[in-house]
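A.B. asks: got a structure for you, letters missing:
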């Protein structure tokens, strides 16, 4: 076995050969890459002043990488972006997180696949009836009426403080508790930065949250009717705090098989892209989804070695054409 | 694992009811499996099994020992399991002890047969060197490196493959008739190693109940939803060699019988493909 | 016992200054943040890294830096003689400590305050040089997890038998009663981060053996760098260079 990386799917010998060949071609198409590894010196013009960014350190006046990754140069700032690292939060990022702890009376702790759990303050959540911040003995119970342990929520990064603590808010109708869908975890470095992270795949009747932290949420179109005065932002199947009590009806209905199949095929397309290390964004998912239909691949067979090899080969031919 | 939200649990349960699980599988589908044998060169036999994200190794070491009192014509087999912390931080320190014991017990039930030595996966009488005095003892060790559910089934397949891969050296007994008195000369020549008859070695299929339905080969997420499960060890003749019920919920006898028959059916299918894979793995090993 | 033949060959056919075959692979444990296997001849270990993540035990949380934890385990079948190893035996505890300290000196812990990094090393085959293989596997796993380090750490051991310094001892040589010097280096910084020795050795001989072990560590570092490089290239080719 020559490969340096183990892939999470099984391939026959023939498939391994095709895979290695496709990887080789990808590598050649890539050409010279501005990559660096731990402990290596980064090319920097000694004379010109440079600013030291993330992923670098100064050793004897030379810039040395502290992680393996891509060298980014923006004006004078030189930094190295690591690849498979934990999510690095930025203000304004849309994330999907899992409540890990209810810390009454005023905050939740949320796992967002980062170096620390994030904080969601009670004051950062849309509460019904406006401001009710009075601390009562029922606070802890009340908090669990909104979000309890293990709930999945969508939120936005409000701020990242000096000490590394991450603060979230759900102060918009589009954020809140997630249901009637499926979570798929991918590596954050593969999620492309988009203008909108709530995306509608109209051709499949699906909605995806391209969470920057790699916790991707797929569901069917929102059943919540467009509220008067609501923003034109897409509403994902969100059991929003404001609509908590109205949603109990919806909780009874199950996701029908037809919808479920689409969600599942989409989730598997995501898993395949993630396993192959390909960039994840609406077009790449749609393309992989449609390819699976074109090739007549059963949903479960998308996780086979054969499908992965075909997707990689398809990517290679796509890139060859655009060269 | 922190666990899943109520909404996710409902979604999983409904999917299973509709025969469409999170990864697109039906209730009775096994994920794809890969088997490698001879992975631990210093052992008499070994195998590594990968079942999606679950990755386990089984090794067989043969040592000379004495038969147990009461069964002078039988060799001995011992099974133990260890979950490595590499699979999950929860297995650090003593964290894996309960899981290790539970897995070992289930495997022992499936492979070791009764107290008399009858019904074991391997005919224990073939392990005798000197009747009543000296026998081979097979120490089977399972190691779980990575987990995405269904560790028991993966381990049982690894054990079967490891036993198929096992070579017992030829023994020459000199100057005595017991373990303490005699000198034993073990052949170094792999050509002179004898192989075990593994035709009767079963494979375990765990059937897990989620809501009103049952599934085979549960992922880690699905396992968090399971109320009760039955692990059935089936051999290539379709005979049930062991049964373990786990989980806290009680099972209606008719449902239990239903689950067992699913286990037998899936088990027969699985064991036939496993035996093919093992043979292929052994051929690859020989070619190397 | 003769560890070196009159022709100058060791028991496994190597020359005194020859290392065993090295092999490393990354991403072997899917659920871990970073993982690697490392082989030195017949010694084979797996390392998995979980983190940096939220500290699990609040009382252990460090305000200014990451908490680094490490556990070393040997599989029952890893040695020639099968021995049931309980966890927490003296040797395992000591090696866990050594690996932790070595990796902690490499990780830029102050960049990851109030977080926890768990390093788990599992020995699958032990044929001498286990300590070194574990450190090398751990270093690669940390790099795979994108954890910032001041440099890679590479380790190798050397000994002295039949009046000759020997590089990268296997189990039989290790059991020969001679000294065993394990060294860990920061290859780029050209500094020694770990130094351990068993048994006795006069100073001048010690210097020779230390030098040999250090050369071995540097050669190991070069191999590790090549593998990491290949890995990084592969990941970047697949993803493309689109700005983060």
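C.D. replies: Nice, I can see it. Bear in mind that the values here come from a model prediction, so they are computed numbers and not experimental data. Residues are numbered from 1 along each chain as shown, chains lettered A, B, ... in the order given.
A.B. asks: which ones are touching residue 167?
C.D. replies: In the absence of a named chain, this looks at chain A. Contact analysis of residue A:167 by C-beta atoms under 8 Å, 6 or more residues apart in numbering or on different chains lists A:118-121, A:124, A:157-161. In short, each C-beta sits where N, CA and C put it, glycine included.
A.B. asks: actually chain C
C.D. replies: Residue C:167 sits next to C:16-19, C:156, C:158, C:212-213, C:215-216 when contact means C-beta under 8 Å, 6+ apart.
A.B. asks: switch the cut-off to 7 Å
C.D. replies: C:16-19, C:158, C:212, C:216 (C-beta atoms under 7 Å, 6 or more residues apart in numbering or on different chains).
A.B. asks: in strands only, show me the contacts of residue A:167.
C.D. replies: If you go by DSSP state E, the contacts of residue A:167 have A:118-121, A:124, A:157-160 in strands.
A.B. asks: any of those residues buried? List them.
C.D. replies: When neighbours are counted using 16 or more other C-beta atoms under 10 Å in any protein chain shown, those contain these buried positions: A:118-120, A:124, A:157-158, A:160.
A.B. asks: which one among those gets closest to chain C?
C.D. replies: Distance to chain C across those (C-beta to the nearest C-beta) is lowest for residue A:118, with 9.5 Å.
A.B. asks: who does that closest one bridge with?
C.D. replies: residue A:110 (DSSP bridges).
A.B. asks: count the residues that sit near residue A:45.
C.D. replies: Residue A:45 has 9 neighbouring residues, counting by other C-beta atoms under 10 Å in any protein chain shown.
A.B. asks: doesn't it belong to a strand?
C.D. replies: No: applying DSSP: H, G, I helix; E, B strand; the rest coil, one finds residue A:45 to be coil, outside a strand.
A.B. asks: confidence score at it?
C.D. replies: Residue A:45 is assigned a predicted lDDT (pLDDT) of 76.
A.B. asks: and it, how far is that from residue A:63?
C.D. replies: 10 Å (C-beta to C-beta, to the nearest Å).
A.B. asks: can you give me the helices for the chain?
C.D. replies: Reading this off chain A. Taking DSSP state H as the criterion, chain A carries its helices at A:13-30, A:139-146, A:248-252, A:257-276, A:282-294, A:305-322.
A.B. asks: let me rephrase: I mean chain B.
C.D. replies: For chain B, the helices defined by DSSP H occupy B:6-17, B:97-111, B:151-165, B:220-223, B:253-287.
A.B. asks: mean confidence score for the fourth one?
C.D. replies: Across helix B:220-223, pLDDT averages out at 94.
A.B. asks: other SSEs contacting it?
C.D. replies: Here helix B:220-223 touches strand B:203-210, going by 3 or more C-beta pairs under 7 Å, 6 or more residues apart in numbering or on different chains; DSSP states H and E.
A.B. asks: elements contacting the strand it packs on?
C.D. replies: For strand B:203-210, the elements it packs on are helix B:151-165, strand B:213-216, helix B:220-223, strand B:228-234, helix B:253-287, judged by 3+ C-beta pairs under 7 Å, 6+ apart.
A.B. asks: would you format these as CSV with mean neighbour count included?
C.D. replies: Output for the helices and strands packed on strand B:203-210, formatted as CSV (neighbours: other C-beta atoms under 10 Å in any protein chain shown):
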stretch, mean neighbour count
helix B:151-165, 28
strand B:213-216, 22
helix B:220-223, 19
strand B:228-234, 24
helix B:253-287, 16
